[in-house]
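A.B. asks: Following is a predicted model, sequence given first.
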Amino acid sequence: MLLLLPAYNEALNIPGVIRECRAVLPDATLLVVNDGSRDETAAAARAAGAMVLDLPCNLGVGPAVQAGLQWALEHGYDCVVRLDADGQHDPADIPALLKCQRETGADFVTGSRFLPGATFSGSSRFRRFGNRCLAQLLSLICNTRITDPTSGLWCVRGRLLSYFAAAYPSEYPEPEAIALLRRQGYTLAECPVHVRPRAFGVSSIRPLAVPYFALRVGLTLIADRMRPVDPRHAANATCAPPLQPL
């Protein structure tokens, strides 16, 4: 199993995240995708014992995740857990995500901050309101209940991993990825998780930009409905290889 951490200017946070991941899953491979950081993120990650994939410039979280998924396929991994490098996700939640995937058989499991049993702090009212609006729209589009469309903690496996390695969205990756996987016929589930305030640094999303962000994401999700299903990566493709055990 691969733990994937896209990172941009997280030199102060990444060592602690890596230590927590090692404590929870000592046998997992840990890959940090350094997205053109201007600080010592790559050096800090290597010093903490992680493998590092350096991108030539800052491409954004979507391309960084896609690069990590491509690396996972090239090295034979069939299950990938993605989490943020800022320390807000608690690696202790990862076993619960994997258990949910085993029990539900879902191709994609995302950690939700808004399910019963979850805890969440460090967010503004604007961001919570925008997230609720996106959740309602995405639930309608996907014909299934989705409570946290922007979660950066999730796990993926099998043919969906191959699809995302080839076509992971770049502009609004988290909600677009959910819409695309449902359009391709894959299944998803949600699991309650615990999200903490980041110890160092600030979020790149400003409160006053949230309504604009939500509007653009909503329009993008509607436009995605016009995208045809890719038969090469559909869930019911006859050439689908058997899934490997987690």
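C.D. replies: Received it, and whenever you're ready, just let me know what you need.

A.B. asks: The protein: strands as residue ranges?
C.D. replies: For the chain, the strands defined by DSSP state E occupy 2-7, 29-34, 51-54, 79-82, 108-112, 119-120, 154-157, 188-192, 194-195.

A.B. asks: The last one - what's its average pLDDT?
C.D. replies: Mean pLDDT, taken over the full extent of strand 194-195, equals 94.

A.B. asks: Then the third one?
C.D. replies: Per-residue pLDDT values across strand 51-54 average out to 98.

A.B. asks: And it, how far out from the chain middle?
C.D. replies: Computed by C-alpha atoms, centre = their mean, to the nearest Å, the separation of strand 51-54 from the middle of its chain amounts to 18 Å.

A.B. asks: now for it, which elements pack on it?
C.D. replies: strand 29-34, helix 41-47, helix 61-74 (3 or more C-beta pairs under 8 Å, 6 or more residues apart in numbering; DSSP states H and E). Bear in mind the C-beta positions are built from the backbone N, C-alpha and C, glycine included.

A.B. asks: and the strands of the chain, which one is worst for confidence?
C.D. replies: When the strands of the chain are compared on mean pLDDT, strand 119-120 scores lowest, with a mean of 87.

A.B. asks: quick one: contacts of it?
C.D. replies: Strand 119-120 is contacted by residues R113, F114, H194, V195 when judged by C-beta atoms under 8 Å, 6 or more residues apart in numbering.

A.B. asks: Try it again at 7 Å.
C.D. replies: R113, H194, V195 (C-beta atoms under 7 Å, 6 or more residues apart in numbering).

A.B. asks: what's the closest of the residues you listed to A167?
C.D. replies: R113 (26.4 Å; C-beta to C-beta).

A.B. asks: I'd like to know how far the closest residue to that closest one other than its chain neighbours sits from L153.
C.D. replies: Once flanking residues are discounted, R113 sits nearest to F120: 4.0 Å by C-beta to C-beta, 6 or more residues apart in numbering. According to C-beta to C-beta, to the nearest Å, F120 and L153 sit 12 Å apart.

A.B. asks: neighbour count winner among the two?
C.D. replies: For the pair F120 and L153, the greater number of neighbours falls to L153 (25 against 17), based on other C-beta atoms under 10 Å.

A.B. asks: Let's have the strands of the chain in a markdown table, adding distance to P228.
C.D. replies: Rendered in a markdown table, the data for these read as follows (distance: least, C-beta to C-beta, whole Å):
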| stretch | distance to P228 |
| --- | --- |
| strand 2-7 | 28 |
| strand 29-34 | 29 |
| strand 51-54 | 31 |
| strand 79-82 | 26 |
| strand 108-112 | 21 |
| strand 119-120 | 37 |
| strand 154-157 | 22 |
| strand 188-192 | 21 |
| strand 194-195 | 35 |
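
A.B. asks: Looking at those strands, spot the one closest to F164.
C.D. replies: Across the strands of the chain, F164 has its closest neighbour in strand 154-157 (6.2 Å, C-beta to C-beta).

A.B. asks: Adjacent strands (with direction) for that closest one?
C.D. replies: Using DSSP bridges, strand 154-157 pairs in its sheet with strand 79-82 (antiparallel), strand 108-112 (antiparallel).

A.B. asks: any idea which residue sits dead centre in this protein?
C.D. replies: In the chain, the residue lying closest to the centroid (C-alpha atoms, centre = their mean) is G152, at 3.9 Å.

A.B. asks: Quick check: closest non-adjacent residue to it.
C.D. replies: D84 (4.4 Å).

A.B. asks: now swap in I222 and tell me
C.D. replies: Counting by C-beta to C-beta, 6+ apart, I222 lies nearest to I141, which is 7.7 Å off, once chain neighbours are set aside.

A.B. asks: quick one: the one you found and A179 touch, right?
C.D. replies: Yes - with contact defined as C-beta atoms under 7 Å, I141 reaches A179; the gap is 5.6 Å.
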